[in-house]
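# any chance you can model this:
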Amino acid sequence: MRDRFTTNRRTRVARALTATAAVAALAVAPLAAPAPATAAVSRADLALRWAPVHYQDVDATGAHALGGQSDYLTAVDFDGNLNGRDNWDRAGASGTSLAAHAYYSVVETSTHWYITYLFFHPRDWTDHPFFETEHENDGEGVLFAIERDGSPYGVLRGAVTVAHSDFYSYTPAGSTWTSGRESVDGTLQFQTSPHDSFAHPVTAQEAQGHGLKAYPQYAINGDGLVYYPSTVAETPSSGDDRDVRYQLVDIFAAGGLWAQRANANLFAGLGTFAGDTSGDCGSGTWSCSANSANAPWGWDDGNDVPARGELASDPAKVSAEYFTVPAGLARGYSYNPYAGAAAALAEAARTAAPTVD
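Purely as a prediction, here's the structure:
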C-alpha cells in the first residue's frame, strides 16, 4: 500500500548517464542559472525560469512498478542508447540512469513566448488485470504561453497540459486570459523553489499512466516525488523524495530530439516514439500496445480544433482557440524550428492514425 509519508530530506545518489555516442547525441551543456533581471534573457533562461515545480505520484505496488521506479522521470536515453524498443525491458536495469531530466522547446512571436515541456517515462504501466493497456515509453507535458510585456521574463498567461489523449487548459490567478472555444479547466498555482528565487507554476502527474494536469488536479497519494527545475539532474533517493532537482534539455539542440525525429530506432513515425510489445509489457493486464507514446510534435486531442502536433508547432493557434485573449496575439513566428517541417506535420495529421498516450 502507498501510505508512507515523510518530509525528511535524503542524501541523493548522482548517477551519470552511460558515456556512449548515442547518449552524446542528446547531451547538451547544463543550463546556466536564470540571468539577472538587468541582463538579456536567452531561451534557455526563459525555459529554466518558467519550468514547473512538478509533483509525481509514485505507486510501488504491482509487478511492473519496479518498486516505484516506473514512475520516475528520466531521459529518453536513460539506458545509454537511442533505441525506443528496449526501454521497457531496460527500465530499472543495472547500468541505467534514473537521473531526472525534462525536455523543452521555445518558439516566439512578436507578442509571446511559448514554452513546451516534455516529461518522459520508459513505461506506461498498470497493475489492473482488466480493461487497461500498457505500452513502452510515455511522453506527456505542458505548454506555457508567456506574454512579452517588456519585463525580462514576461508574464505567464495560460497553460495547456497533456493527459493521455486529452488537453486541459489553465490560467493563473489574475490572468487577463479567459475561456475561449474550450472552457478553462482550473487555476494554475505557483510555488517558490528552494533552489532559486522564482515562483514557478506547479504541475503534477499521476502514477502508472502519467497523465499531466495542473496541481492539485493530480496530486501525490502516499509516496511521491517533488521535482524542482535546476541546472543539475538528481536521482531520487527513494520513491518518496520531496526534493529532487531535474535538468532541462533543449529539444532543438544539435543532435537533440528534434534532430532525431527521423531516427527509426527512436521514432516509429513523425512524433511517435517507437515501442514494441516485448518482455512482460501487458502480462497480467488487458494488453500491451506498440508505438503508443508521443513527442510534443505528435500530441493530439482529437476532439479539439488544433491538429496533431500543433500544441508544440503552432502554439499561437492553440492559444487563440483555447483562450480569449483581450490584447490579441501575433500569429506569425519570429523563431519556430518546428515550422521547417510544417508540411510534413500537416500531412501526418491528415493521413496518420493518431496514437494514444
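# OK, contacts around the closest residue to Leu73 other than its chain neighbours?
With Cβ to Cβ, 6 or more residues apart in numbering as the criterion, Leu73 has its nearest non-adjacent residue at 4.7 Å, and that residue is Ala100. The C-beta positions use only the backbone N, C-alpha and C, and glycine is treated the same way. Each residue near Ala100 by Cβ atoms under 8 Å, 6 or more residues apart in numbering is listed here: Tyr72, Leu73, Thr74, Tyr227, Ala233, Glu234, Thr235, Pro236, Val244, Arg245, Tyr246, Gln247.
# pull out the buried residues from stretch 128-135.
Neighbour counts using 16 or more other Cβ atoms under 10 Å place Thr133, Glu134, His135 of stretch 128-135 among the buried residues.
# and which of these is nearest Thr285?
When these are ranked by distance to Thr285 (Cβ to Cβ), Glu134 comes first, at 5.6 Å.
# got the buried residues of stretch 128-135 as a markdown table, with pLDDT columns?
As requested, the buried residues of stretch 128-135 are exported to a markdown table (pLDDT from 0 to 100):
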| residue | pLDDT |
| --- | --- |
| Thr133 | 91 |
| Glu134 | 96 |
| His135 | 97 |
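# closest one of those residues to Leu156?
Nearest to Leu156, judged by Cβ to Cβ, of the buried residues of stretch 128-135 is His135 at 32.0 Å.
# that closest one bridge partners, please.
Beta-bridge partners for His135, by DSSP bridges, are Asp124, Ser289.
# report the separation between it and His112.
Noted for His135: a distance of 34 Å to His112, by Cβ to Cβ, to the nearest Å.
# low pLDDT regions in the stretch 101-250 of the chain?
Low-confidence regions of the stretch 101-250 of the chain, defined by pLDDT under 70, span residues 131.
# could the contacts of Ala100 be laid out in CSV, adding secondary structure?
Rendered in CSV, the data for the contacts of Ala100 read as follows (DSSP: H, G, I helix; E, B strand; the rest coil):
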residue, secondary structure
Tyr72, coil
Leu73, coil
Thr74, strand
Tyr227, strand
Ala233, coil
Glu234, coil
Thr235, coil
Pro236, coil
Val244, strand
Arg245, strand
Tyr246, strand
Gln247, strand
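# distance to Gly209 and neighbour count added to these, as JSON lines?
Putting these into JSON lines (distance: Cβ to Cβ, whole Å; neighbours: other Cβ atoms under 10 Å) gives the following:
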{"residue": "Tyr72", "distance to Gly209": "15", "neighbour count": "24"}
{"residue": "Leu73", "distance to Gly209": "15", "neighbour count": "23"}
{"residue": "Thr74", "distance to Gly209": "17", "neighbour count": "26"}
{"residue": "Tyr227", "distance to Gly209": "18", "neighbour count": "26"}
{"residue": "Ala233", "distance to Gly209": "24", "neighbour count": "25"}
{"residue": "Glu234", "distance to Gly209": "24", "neighbour count": "21"}
{"residue": "Thr235", "distance to Gly209": "23", "neighbour count": "17"}
{"residue": "Pro236", "distance to Gly209": "19", "neighbour count": "27"}
{"residue": "Val244", "distance to Gly209": "21", "neighbour count": "24"}
{"residue": "Arg245", "distance to Gly209": "25", "neighbour count": "18"}
{"residue": "Tyr246", "distance to Gly209": "20", "neighbour count": "24"}
{"residue": "Gln247", "distance to Gly209": "24", "neighbour count": "20"}
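# and the helices in this protein, which stretches?
Taking DSSP state H as the test, the helices found in the chain are 21-26, 43-50, 87-90, 310-313, 315-322, 342-351.
# ok, of the ones you listed, where does mean pLDDT dip lowest?
Ranked by mean pLDDT, these bottom out at helix 21-26, with a mean of 36.
# just the C-alphas of stretch 294-301, formatted as PDB.
Coordinates of each C-alpha in stretch 294-301 appear next as PDB, following Å, rounded to 0.1, in the frame of the first residue of the first chain:
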ATOM      1  CA  ASN A 294       4.200  10.700 -28.500                       C
ATOM      2  CA  ALA A 295       6.700  13.600 -28.500                       C
ATOM      3  CA  PRO A 296       5.300  17.100 -28.400                       C
ATOM      4  CA  TRP A 297       5.000  17.300 -32.200                       C
ATOM      5  CA  GLY A 298       2.800  14.300 -32.000                       C
ATOM      6  CA  TRP A 299       0.500  15.300 -29.200                       C
ATOM      7  CA  ASP A 300      -3.200  15.400 -30.100                       C
ATOM      8  CA  ASP A 301      -6.600  16.000 -28.600                       C
END
